[in-house]
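S.K.: I would like to see how this sequence folds:
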Amino acid sequence: MSEAYEQAWRDSIDQPEHFWSQAARSVEWISPPARCFDEAQGWYPGASLNTCANCVDRHVAAGRGDATALIYDSPVTGTVRAYSYAELLDEVGRVAAMLASLGLAKGDRVVLYMPMIPQTVFAMLACARLGALHSVVFGGFAPLELAKRIDDAAPRLVLTASCGIEGARTIAYKPLVDEALRLAAHAVDHVVLHQRDTGPVAELSSPRDLDWDTLRAATAGDPAPAPVEVASADPLYVLYTSGTTGTPKGVVRDNGGHAVALAWSMANIYGIGAGDVFWAASDVGWVVGHSYIVYAPLLVGAATVLFEGKPVGTPDPGTFWRTIARHGVKTFFTAPTAIRAVRKEDPEATFLNQIGTGQCQAIFLAGERADPDTIGWLEDKSGLPVIDHWWQTELGWPALASCAALGDLRRKRGSAGFPVPGYEFAILDESGHQVPTGQSGAVALRSPLPPGVFRTLWNNHAGYAKNFATFPGWYETGDAGFIDEDGFVHIMGRTDDIINVAGHRLSTGQMEQIVAAVDGVAECAVIGADDAIKGMIPVAFVVPRAGAGSEQALHDAVIKAVRSELGAVAALKTAYVVPALPKTRSGKTLRNLLRKIVNGEDAPTPPTIDDPAVPAMLLARVRAHEEV
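M.R.: Residues are numbered from 1 along each chain as shown. The predicted structure follows:
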């Protein structure tokens, strides 16, 4: 055990205010914090800062303007471009000026529906500079889902681009934005569109539509707005994650605690400081992209890689290793799904052997549970420590990890490591009592949670409070797991209906609502099935109404409905049309039984089942489908 890790964790639990007061010294405050925590106001009450200034301005002021800040690497367009901190400051200032010219001010909201291009990073930082909140929506989401987020956030502006490039596919964004705004009840002031050099040309079809470059040129003579002073507790952004009711949850991130926690994590978990190169192979639409593409690396003066591509196919399964070697990446962060995809295409790691991993010192995995076999393959082929770690959108930064920079490289395949300083874990039973070592239960975190963690949901504080209602004094993570005899924490899966598809958290309950609305569907269940590449995929079981027509037609209608409302990211491709669902006598659908049947696991008939013949019937249907 590392003494440095053990001491840091113990200090963070026994003396949290002292611990996080020390950590706050890494941030440049306008009004420094006089105290560390207040139950009502959160972390660093009364203090003020500007997150954009901490990410950009202060590094230039410190004489590091020539240091590399952002590396844009786009194998799908053949573009590689690096921006120094001075250049980043200029670009962010230009975008802030054009947004300010449209009246954007402190507290306003902006929805970004943009691809992995530098303008997206410029816009996020420009919003932070102005004290406005950004809400980035992943470009793969369907118009209805975008409309829900627009209605909830009530933004003044939508920023978008002409297209996104997903591997070999080019997706025109403007028609999706137009449809979302048609569906939304909230009316935005303007849609500002960046016309990309590649892909289809987007039409400015409404008086509200503005061209990004034209607006930028028109405000070129305007002075770049100075960073706006915001309170530590003021929101930096709203990031939507799937809700169990079909209504997205807007996780609100504060400014002060967020900056402190991310800066601490870069130094102490990932071992990254000024001048280092860090690459999180994610998307800015997800929390990993917010925390570890945009904010954390820049907070500590590192260079961050913005990668527009896929682990395979852009152009081959060597693209990760090529990018790491090309840019001198010190620490690499990706999802297990990506590594499984690489392994599928290149099982002998031929590309990895040819290219190598350059200066890389460690690979971190997160976004879903990393199976031991994938970790073993990657460690064996790369020769690097592969560290699985765990956190959530709500948390914003890791809660479980091997803190490599604190000298703690203990790892056990299948576990996400040990509690990160600031977090105290427990495994609880339904009554809220801690279970014995090795026994599974609900994973909970002691309250109050550390800096950087959400303190409310946008327009839904009651929904936030529910996370602490089941186990008073504890945050209910929604995950199940156990702590083994060596202290390793194992996260085994969700306790609710949220499944993780290639790092995308999706609600099976939301999918059920969509499927149930399809004409001809009497009842349905959607469960998460194991998948070798994506970790999990949704599978639907559908009971047809009498006279519903052919099973194939109903199957196709269900798939189309989910894709139409949630987009291709939902990955629902299988819908078993069956005469009945397995239920208890009280009418509860036995979803766990369905999961076992689909996964090919031993599925004994539960004693509570209403019709014992149903499981055998379902198993036969699943096997017949697999044979086809």
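S.K.: quick one, domains of the chain?
M.R.: As recorded under automatic domain parsing, the domains making up the chain are 3-309+389-465, 498-627.
S.K.: Select, out of these, the one closest to Gly481.
M.R.: Closest of these to Gly481 is domain 3-309+389-465, at 4.7 Å (criterion: CB to CB). Where you see a C-beta, it was placed from the backbone N, CA and C, and this is true even at glycine.
S.K.: Would you mind finding the most buried of the domains of the chain?
M.R.: Across these, the average number of neighbours (mean count of other CB atoms under 10 Å) peaks for domain 3-309+389-465, which reaches a mean of 20.
S.K.: ok now it, how far from the chain's centre?
M.R.: 10 Å (CA atoms, centre = their mean, to the nearest Å).
S.K.: can you start the count at 54 instead of 1 from here on
M.R.: Right, with 54 as the first residue, what we last looked at is domain 56-362+442-518.
S.K.: Next, the distance between the ends of it.
M.R.: 36 Å (CA to CA, to the nearest Å).
S.K.: Go through the domains of the chain and find the least confident stretch.
M.R.: Ranked by mean pLDDT, those bottom out at domain 551-680, with a mean of 83.
S.K.: would a markdown table of the domains of the chain with distance to Glu432 be doable?
M.R.: A markdown table is the format used below for the domains of the chain (distance: least, CB to CB, whole Å):
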| stretch | distance to Glu432 |
| --- | --- |
| domain 56-362+442-518 | 9 |
| domain 551-680 | 19 |
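S.K.: What count of nearby residues applies to the closest residue to Pro389 other than its chain neighbours?
M.R.: In space, and not counting its chain neighbours, Pro389 is closest to Ala423: 4.2 Å by CB to CB, 6 or more residues apart in numbering. Ala423 has 28 neighbouring residues, counting by other CB atoms under 10 Å.
S.K.: Test my guess that Ala423 contacts Ala391.
M.R.: No. Applying CB atoms under 8 Å as the test, Ala423 and Ala391 come out as separate, 10.9 Å apart.
S.K.: Which parts of the stretch 504-653 of the chain are strands?
M.R.: Secondary structure of the stretch 504-653 of the chain (DSSP state E, counting those that start in this stretch): strands located at 527-536, 542-547, 551-554, 557-560, 574-584, 588-597, 627-630.
S.K.: Between those, which one is closest to Thr223.
M.R.: With CB to CB as the measure, strand 557-560 is the member of these nearest Thr223 (20.5 Å).
S.K.: now the closest one, how far from the centre of its chain.
M.R.: Distance, centroid of strand 557-560 to centroid of chain: 10 Å (CA atoms, centre = their mean).
S.K.: do stretch 561-574 as well
M.R.: For stretch 561-574, the gap between its own C-alpha mean and the chain's C-alpha mean amounts to 25 Å (CA atoms, centre = their mean).
S.K.: Show me what that stretch is in contact with.
M.R.: With CB atoms under 8 Å, 6 or more residues apart in numbering as the test, stretch 561-574 has contacts from 295-299, 550-552, 576-581, 591, 593, 595-598, 601-602, 607, 610-611, 614-615, 618-619, 623, 625, 628.
S.K.: Over to stretch 666-681?
M.R.: Residues contacting stretch 666-681 (CB under 8 Å, 6+ apart): 594, 627, 629, 631-636, 646-647, 650-651, 656, 658, 662.
S.K.: contacting residues around the closest residue to Pro632 other than its chain neighbours?
M.R.: Using CB to CB, 6+ apart and skipping residues adjacent in sequence, the residue nearest Pro632 is Val596, 6.7 Å away. By CB under 8 Å, 6+ apart, the residues touching Val596 are 574-577, 630-634.
S.K.: What is the nearest of those residues to Gln75?
M.R.: Taking those together and measuring to Gln75 by CB to CB, the closest member is Cys577, at 53.1 Å.
S.K.: if we can go back for a sec, among the domains of the chain, which is nearest His380?
M.R.: Closest to His380 of these, according to CB to CB: domain 56-362+442-518, at 5.5 Å.
S.K.: Doesn't Gly156 lie inside a strand?
M.R.: No. Using DSSP: H, G, I helix; E, B strand; the rest coil, the assignment for Gly156 is coil, not a strand.
S.K.: sorry, back to before: check the gap between the residue nearest to Pro632 and Asp537 for me.
M.R.: The spacing between Val596 and Asp537, counted by CB to CB, to the nearest Å, is 41 Å.
S.K.: Same question for Pro280.
M.R.: With CB to CB as the criterion, Pro280 and Asp537 are 47 Å apart.
S.K.: Quick check on Pro501: phi, psi?
M.R.: Torsion angles at Pro501 (phi, psi; degrees, to the nearest 10) stand at phi -80, psi 150.
S.K.: contacting residues for it?
M.R.: With CB under 8 Å, 6+ apart, Pro501 has these contacts: 90, 92.
S.K.: which residues are in contact with stretch 130-147?
M.R.: Contacts for stretch 130-147 (CB under 8 Å, 6+ apart): 105, 109-110, 112-113, 117-127, 171, 175, 178-179, 182, 218, 250-251, 269, 272-273, 277-278, 351, 354, 356, 361, 379.
S.K.: Give me the subset of these lying in strands.
M.R.: 121-127, 218, 356 (DSSP state E).
S.K.: can you put those residues in JSON lines and add distance to Phe541?
M.R.: As requested, these are arranged in JSON lines below (distance: CB to CB, whole Å):
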{"residue": "Thr121", "distance to Phe541": "37"}
{"residue": "Ala122", "distance to Phe541": "37"}
{"residue": "Leu123", "distance to Phe541": "36"}
{"residue": "Ile124", "distance to Phe541": "35"}
{"residue": "Tyr125", "distance to Phe541": "38"}
{"residue": "Asp126", "distance to Phe541": "35"}
{"residue": "Ser127", "distance to Phe541": "38"}
{"residue": "Ile218", "distance to Phe541": "40"}
{"residue": "Ala356", "distance to Phe541": "33"}
